[in-house]
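A.B. asks: Kindly generate the corresponding structure for this input.
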Amino acid sequence: MDKVYYVIALLDNKATSVFRGYQNLLSLAESGNSALPHLTIALYDREISVDGLILWTENIADTHKRFKVTYTAIGIAYAGGLVAIPSFSNGLYSLYRDQHQRYDECCRDYSALKNDIWMPHTGILYEGTEAACEKIAELAKFFRPVEAEIIALRVTEFDGTNFRKLAEFALRE
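C.D. replies: Model prediction:
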């Protein structure tokens, strides 16, 4: 499959600003290596009906209220990214589980519900394990717990170079 599709949970403006500040602290904004702070709920790398995925994600957003998460730790994720890790909450797991009730078989293995290995996180740096190891001590000096509210779901397409927003749905207030 040439393209992959993500469903990401978007954070409120205050939390997004805090994570942008951490990216700036590590000089990522200038290098062009700063991603939109988010939580990946699903990564689809197998054949999938994109229209069906968008409709399903809209349905999930319509059935979930906004909820809070607290990022309490930083670490290095399996893909070599420097990440912030939220405390696991019922709201977060419910959103993840419900999104995966359809199309789970199309997910990358570490994203699939059936494999039970998903680690929720928000990426700060994606330059590989060596760079993450170098930067984690620097970030640890400044990192403080981050309160965030999950406010929306976004479906994006990634072609290997660029991300493109396909749809975005606010969670209920």
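A.B. asks: For Y71, give the beta-bridge partners.
C.D. replies: Judged by DSSP bridges, the bridge partners of Y71 are P86, V146.
A.B. asks: and the nearest residue to F67 once chain neighbours are set aside, backbone torsions?
C.D. replies: Distances taken as Cβ to Cβ, 6 or more residues apart in numbering put G91 closest to F67, at 3.3 Å, once the chain neighbours are dropped. From N, CA and C alone the C-beta is placed, and that goes for glycine too. Backbone geometry at G91, expressed as degrees, to the nearest 10, gives phi -60, psi -40.
A.B. asks: quick thing: my sequence starts at 200, can you match it?
C.D. replies: Will do, 200 is the new start, and the previous item becomes G290.
A.B. asks: OK, contacts around G290?
C.D. replies: H263, K264, F266, K267, V268, I349 (Cβ atoms under 8 Å, 6 or more residues apart in numbering).
A.B. asks: With G327 instead?
C.D. replies: Counting by Cβ under 8 Å, 6+ apart, G327 touches G279.
A.B. asks: quick one: it from W317, how far?
C.D. replies: With distances taken as Cβ to Cβ, to the nearest Å, G327 is found 21 Å from W317.
A.B. asks: again with Y243
C.D. replies: Distance of Y243 to W317, computed by Cβ to Cβ: 14 Å.
A.B. asks: which residues are in contact with both of these two?
C.D. replies: Common contacts of Y243 and W317 (Cβ under 8 Å, 6+ apart): S310.
A.B. asks: Going along the chain, name the helices of the protein.
C.D. replies: Applying DSSP state H to the chain gives helices spanning 212-224, 227-230, 249-262, 289-298, 328-339.
A.B. asks: closest to R353 out of those helices?
C.D. replies: Evaluated over the helices of the chain, closeness to R353 peaks at helix 249-262, with 8.4 Å, by Cβ to Cβ.
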